[in-house]
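> Predicted coordinates and the sequence they were generated for:
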Amino acid sequence: MEVTMDPLFLAWSYFRRRRFQQCSDICSKILEDSPYDQAAWSLKTRALTEMVYIDEVEVDQEGIAEMMLDESSIAQVARPGTSLRLPGTSHGGGPTPAVRPMTQSGRPITGFVRPSTQSGRPGTMEQAIRTPRTASTARPVTSASGRFVRLGTASMLTNPEGPFIHLSRLNLSKYSQKPNLSKTLFEYIFHHENDVKNALDLAAQATEHAQFKDWWWKVQLGKCYYRLGLYRESEKQFRSALNHQEVVDTYLYLAKVYQRLDQPITALNLFKQGLDRFPGEVTLLTGIARIHEEMNNITSATEYYKDVLKQDNTHVEAIACIGSNHFYTDQPEIALRFYRRLLQMGVYNCQLYNNLGLCCFYAQQYDMTLSSFERALALVANDEEQADVWYNIGHVAVGIADLTLAYQCFKLSLAFNNDHAEAYNNLAVLELRKGRIEQSKAFLQTAASLAPHMYEPHFNLATLSEKIGDLQSSYIAAQKSEDAFPEHVDTQQLLKDLRQHFAVL
Amino acid sequence: MPEVKSIFREVLPKQGQLSMEDVPTLVLCKPKLLPLKSVTLEKLEKMQLEAQEAIKQQELASKQTQ
C-alpha cells in the first residue's frame, strides 16, 4: 500500500517553495472534505494573497483626479525648496536640460523607474489627460479606478466558481476576535480582493479587540486610510503604531503619507529619525535619496545613493541612478562601469543593454556599441521601448555622421511610437540639413505640441523662423523655449536680437 | 600667375585675439538612457498582462460556447 503524505503538510511545503497554485489546489481539496478546517482555510488565503502580493511601500499611483483636485497639500504656492511640485526651483548643481533630458514635470529623467515616479506632475488638466506615457501604462482617472481594481477583478475572473471567500457573507466581527485567522484574512481582503472598505472594517474591529495595543493592526489601518485618501487619519495611525513598536516599514509608510501631502522636508526629517533608530538601513537611505532626486537636488541624491551602496553593494536602484548621473555629467566611462556591474549581477533586459550601448559609444568603445543595441532590440517588450532604442541608435548614427542611417532610425522610432517628440525634433534637424524647410517646420511644430516641456523644438522653431524672416513666430517660440529652459544662452541671445529688431521697426 | 599669389597672401596672426562668430545652430534632443524598472513595477505589469490574457481567453471561450 502506498503511503501518502499528509495533504496539509504537502500544502505547507508547496507554500514554502512559493508554488502557490499547487498549495491552493490542495487546500481546496481539503476544504471540500472538511469545510471548517481553519488551518487549510488560512493557508489558502495566504497562498492566494502571495500570488498577487506587491510591496505596499512601493505602490503609489496618483490618478488624474487626485492630482488635479488635490486639497491635502498645505501650501498651494509653496516656498522654493519645500515642495515636490516646484521642481525647477532648487538647483543642487544638477545637470541642465541642455545635457540631460527632462520628464514632463520638468525633472531630469531618473535612472530608475518606480511606480510612483512614472510621469511626475503635469501642470494643467489638459496636459494631465494627454500626457505621453513614458512607462507604457496610462494614468487612471483616479487611483480607485486604477490598477488595484483591475487586479482585484482579474483574480476573480480566473476563478470560474466565483471568489474563494464571499466578503458580503462574512461575519467580520466574528473573525476579528480570532487573532490567528484575522491577520491572514485581512491581507487577503486587502491585497487579493482589493476591498479596502471591508479591510478597514476588519482592521478597526480587530484593533479594538486587541485593546488598541497591537501595532500591526494600526499599520494596517493606516494603509487602508491611505488607500482611501484620508492622509491625516493614516498619519495618526502610523504615528501611534510607532509609539508601540518602531518598525522600518512604519517609517516608510509614514514618509509616503508626507510625500503625498507634499511635505518633503518632514519626510526627510522622519527618515533621519528612522536612521537614528536603525543606522544604515538601506530602505530609509533610499527614501532620502529619492526625495532629493525628486526635488532636483541630484548631487545630494547621489551622495545618499553612494551611502546605500556602502551598505548594500547590489542595490539596483542606487547603481542605476549613479550610473545615469555619471552619464549625464559627461563621464560615460564611469557610467559604463556601473551598468556593467548591473549586467554582472544578472539584470538582463532591454533597458540595460540600451544604456550599455549608449555608454560604450560615448566612452569610445565602438566595438561593443552596436552589439549592445542589437541585444536591446532583441529583448524589447513593447513598441515604446523599441522606439526608444531606435531613437538612441539614431544618435549613434549622427555621431558617426551616417545621416542616412540616422534618418532611417528616427523614422523607425516614429513608426513604433507616433508620439516620440524627441525623434520628431531630431528628424526636423536632419530635414533642415537637406534643405526641406517646410517639412522641418512641420516636424518641429509636432514635437513642440507633443512635448511642450522640452526646450529644443521651441528653440529650433525660433531659429528656423528667424532665418526665413518670420520674426513674430520666432519670438513666440523663443519665449516658450525660455519658459522651458530659462538659462539657455542661445535662446536669450535670440530673444535679444529679436527685441532689437522690433525696436528698430 | 605668380603676381596674384603675391597680392593675396593668407594671414595667420601669431599674436593678438582670435575671434569667432557664434552662429546659432539647431539643437538635437539628447540621447536618452532608459530607466530600469523596479521589481514591483515589473511584477505589476506582468500581473496586468496575465490578467488581460485571462480575460481574453475567457471571452473567447464564452464566444465559442454560444
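Happy to help now that I have it. Residues are numbered from 1 along each chain as shown, chains lettered A, B, ... in the order given.

> if you average pLDDT over the strand or helix carrying A:Leu432, what comes out?
Here A:Leu432, judged by DSSP states H and E, is contained in helix A:421-433. Averaged over helix A:421-433, pLDDT sits at 94.

> Return the set of buried residues in it.
Under the neighbour-count criterion of 16 or more other Cβ atoms under 10 Å in any protein chain shown, helix A:421-433 has A:Ala421, A:Glu422, A:Ala423, A:Tyr424, A:Asn425, A:Asn426, A:Leu427, A:Ala428, A:Val429, A:Leu430, A:Glu431, A:Leu432 buried. C-beta coordinates here come from the backbone N, C-alpha and C atoms, glycine included.

> just those residues now: which is nearest chain B?
Set against chain B, the nearest of these by Cβ to the nearest Cβ is A:Glu422 (3.8 Å).

> From A:Ala363, how far out is the nearest residue in space to the closest one that is not next to it in sequence?
Closest residue to A:Glu422 apart from its sequence neighbours, by Cβ to Cβ, 6 or more residues apart in numbering or on different chains: B:Cys29 at 3.8 Å. To A:Ala363, B:Cys29 is 21 Å away according to Cβ to Cβ, to the nearest Å.

> sorry, back to before: the residue nearest to A:Glu422 reaches A:Ala428, doesn't it?
No. Using Cβ atoms under 8 Å, B:Cys29 is not in contact with A:Ala428; the gap is 10.1 Å.

> returning to that earlier point: pull the most distant pair out of the buried residues of helix A:421-433.
Spatially, the most separated pair among the buried residues of helix A:421-433 is A:Ala421 and A:Leu432, at 16.8 Å (Cβ to Cβ).

> Find me the pLDDT at A:Ile74, would you?
A:Ile74 is given a pLDDT of 59.

> Please disregard the earlier target; I meant B:Val4.
At B:Val4, pLDDT is 55.

> Same check on the one 5 residues further on?
We note a pLDDT of 79 for B:Arg9 in this prediction.

> Now for it, how many residues are close by?
Residues lying near B:Arg9 (other Cβ atoms under 10 Å in any protein chain shown) number 7.

> check which helix or strand covers it.
Going by DSSP H and E, B:Arg9 is not part of any helix or strand.

> show me where chain B has helices.
Remark: helices assigned in chain B by DSSP state H are B:2-7, B:39-65.

> Deepest in the core, which of those is it.
The highest average neighbour count among those, using mean count of other Cβ atoms under 10 Å in any protein chain shown, belongs to helix B:39-65 at a mean of 13.

> can you give me the mean pLDDT across that one?
Helix B:39-65 shows a mean pLDDT of 82.

> For the stretch 301-450 of chain A, what lies in contact range of chain B?
Along the stretch 301-450 of chain A, the residues adjacent to chain B under the rule Cβ under 8 Å from any Cβ of the partner chain are A:316-317, A:320, A:324, A:327-328, A:342, A:347, A:349-352, A:354-355, A:358, A:362, A:385, A:388-389, A:391-392, A:395, A:398, A:421-422, A:425-426, A:428-429, A:432.

> Show the buried residues in the residues you listed.
A:316-317, A:320, A:324, A:327-328, A:342, A:347, A:349-352, A:354-355, A:358, A:362, A:385, A:388-389, A:391-392, A:395, A:398, A:421-422, A:425-426, A:428-429, A:432.

> for A:Cys350, what are its contacts?
If a contact means Cβ atoms under 8 Å, 6 or more residues apart in numbering or on different chains, then A:Cys350 has A:Ala376, A:Leu377, A:Leu379, A:Val380, A:Ala381, A:Glu385, A:Val389, B:Leu34 as its contacts.

> how far does stretch A:304-317 stretch from start to finish?
Terminal residues of stretch A:304-317 are spaced 12 Å apart (Cα to Cα, to the nearest Å).

> In chain A, where is pLDDT below threshold?
For chain A, the stretches flagged by pLDDT under 70 are A:1, A:59-80, A:85-95, A:98, A:102-109, A:114-162.

> Domain-wise, how is it divided?
Here chain A is described, according to automatic domain parsing, as comprising the domains A:1-52, A:331-418.

> Looking at those domains, spot the one closest to A:Arg232.
Per Cβ to Cβ, nearest to A:Arg232 of these: domain A:1-52, 28.3 Å.

> quick one: that closest one near chain B?
Yes. Among the residues of domain A:1-52, A:Val52 lie within reach of chain B under Cβ under 8 Å from any Cβ.

> cool, stretch A:194-214 as well?
No. Using Cβ under 8 Å from any Cβ, stretch A:194-214 stays clear of chain B, with a minimum separation of 12.1 Å.

> residues of that stretch that come out buried?
Here stretch A:194-214 shows A:194-196, A:198-207, A:209-210, A:214 as buried, counting by 16+ other Cβ under 10 Å.

> got it, and stretch A:243-263?
Using 16+ other Cβ under 10 Å as the test for burial, stretch A:243-263 gives A:247, A:250-263.

> Near chain A, which residues of chain B are found?
Within chain B, the positions near chain A by Cβ under 8 Å from any Cβ are B:22, B:24-38, B:40-41, B:43-45, B:47-48, B:50-52, B:54-55, B:58.

> ok, back up a step: farthest-apart pair in the buried residues of stretch A:243-263, please.
Top of the distance list for those (Cβ to Cβ): A:Val247 and A:Asp262, 24.9 Å.

> now the strands for the stretch 101-250 of chain A?
A:112-113 (DSSP state E, counting those that start in this stretch).

> how about the helices in it?
Listed in chain order, the helices of the stretch 101-250 of chain A (DSSP state H, counting those that start in this stretch) span A:125-129, A:147-157, A:172-176, A:179-187, A:196-209, A:215-228, A:231-244, A:248-260.

> ok now the third one, how far from the chain's centre?
Put plainly, it is helix A:172-176. Here helix A:172-176 is found 37 Å from its chain centre; the criterion is Cα atoms, centre = their mean, to the nearest Å.

> which residue does chain B bring closest to chain A?
The minimum distance from chain B to chain A, using Cβ to the nearest Cβ, falls at B:Ala51 (3.1 Å).

> Report the contact partners of the nearest residue to A:Leu172 once chain neighbours are set aside.
Once flanking residues are discounted, A:Leu172 sits nearest to A:Leu202: 5.0 Å by Cβ to Cβ, 6+ apart. Taking Cβ under 8 Å, 6+ apart, we find A:Leu202 in contact with A:Leu172, A:Tyr175, A:Ser176, A:Ser182, A:Leu185, A:Phe186, A:Ile189.

> 6 Å - rerun?
Neighbouring residues of A:Leu202 by Cβ atoms under 6 Å, 6 or more residues apart in numbering or on different chains: A:Leu172, A:Ser176, A:Phe186.

> What is the nearest of these to chain B?
A:Phe186 (20.6 Å).
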